[in-house]
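Participant: Next input, structure requested:
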Amino acid sequence: MNATPALAEEFEENRHHLSRVALRLLGSPEDAEDAVQETWFRLERTDRSSIDNLRAWLTTVVSRVSLDLLRSRSARREAPDGEAVVESLSTGGSLGAGAGAGRGPAGAADAAADPEARAELADSVSVALLVVLESLGPSERLAFVLHDLFAVPFEEIAGVLGTSSAAARQLASRARRRVHG
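Facilitator: Okay, here's the model as predicted:
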């Protein structure tokens with residue numbers, strides 16, 4: 001199926017969201033972009049009339065693509081390049097935004113007043129979150145990121161993982177305990 005300009009425009013409206021999901025799941029800007037591109041290719045081959053909610057469909061697809069990449073990465077014992085992630089964050093990436101940035105660490109009050117300090121604090125929290133996420137298994141990571149960072153319901157996460165809602169809830173809970181530990 002060929003993509004129409006309207007479909008391409010709708011996809012572009014969701015690209016930033018998809019990039020954020022993929023980057024948080026994968027930790028690598030290059031892998032995240034690959035996941036977003038694969039999502040576009042899959043959208044092009046799909047009958048649009050079978051999609052009720054495009055944003056939800058795209059989120060599901062980019063999550064599944066990211067999960068496949070995480071599984072293949074762990075099978076090959078690969079890890080994302082930490083320097084590339086830090087560079088992405090310093091040039092406008094958003095790996096940890098909204099995931100506790102600006103809360104808790106000493107100097108947070110100073111960071112609120114100084115934009116440069118706020119950016120440094122967000123970068124350090126983002127890198128710390130990535131390190132913690134790397135310790136999670138692919139399914140735990142997906143359940144945690146989608147639910148806790150993007151407020152995706154467990155029913156949808158279960159569909160992505162091919163499991164029950166209760167199992168998805170358990171994966172997120174286990175990941176949450178490991179992240180907080």
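Participant: domain parsing for this protein?
Facilitator: 5-77, 124-180 (the TED database).
Participant: pLDDT (mean, whole number) over the last one?
Facilitator: So the one you mean is domain 124-180. On average, the pLDDT along domain 124-180 is 86.
Participant: Tell me how many other residues surround Ala151.
Facilitator: Counted with other C-beta atoms under 10 Å, the neighbours of Ala151 add up to 7. For glycine as for every other residue, the C-beta is placed from the backbone atoms N, C-alpha and C.
Participant: List phi and psi for it.
Facilitator: phi 60, psi 40 (degrees, to the nearest 10).
Participant: pLDDT wise, what is Glu13 at?
Facilitator: For Glu13, the predicted pLDDT is 96.
Participant: so which strand or helix has it?
Facilitator: helix 5-26 (DSSP states H and E).
Participant: Just the buried residues of that helix, please?
Facilitator: 7, 10-11, 14, 18-26 (16 or more other C-beta atoms under 10 Å).
Participant: what about the helices in the chain?
Facilitator: 5-26, 29-44, 54-75, 82-90, 108-113, 115-134, 138-144, 154-161, 165-180 (DSSP state H).
Participant: Out of those, which is the most enclosed?
Facilitator: helix 138-144 (a mean of 24; mean count of other C-beta atoms under 10 Å).
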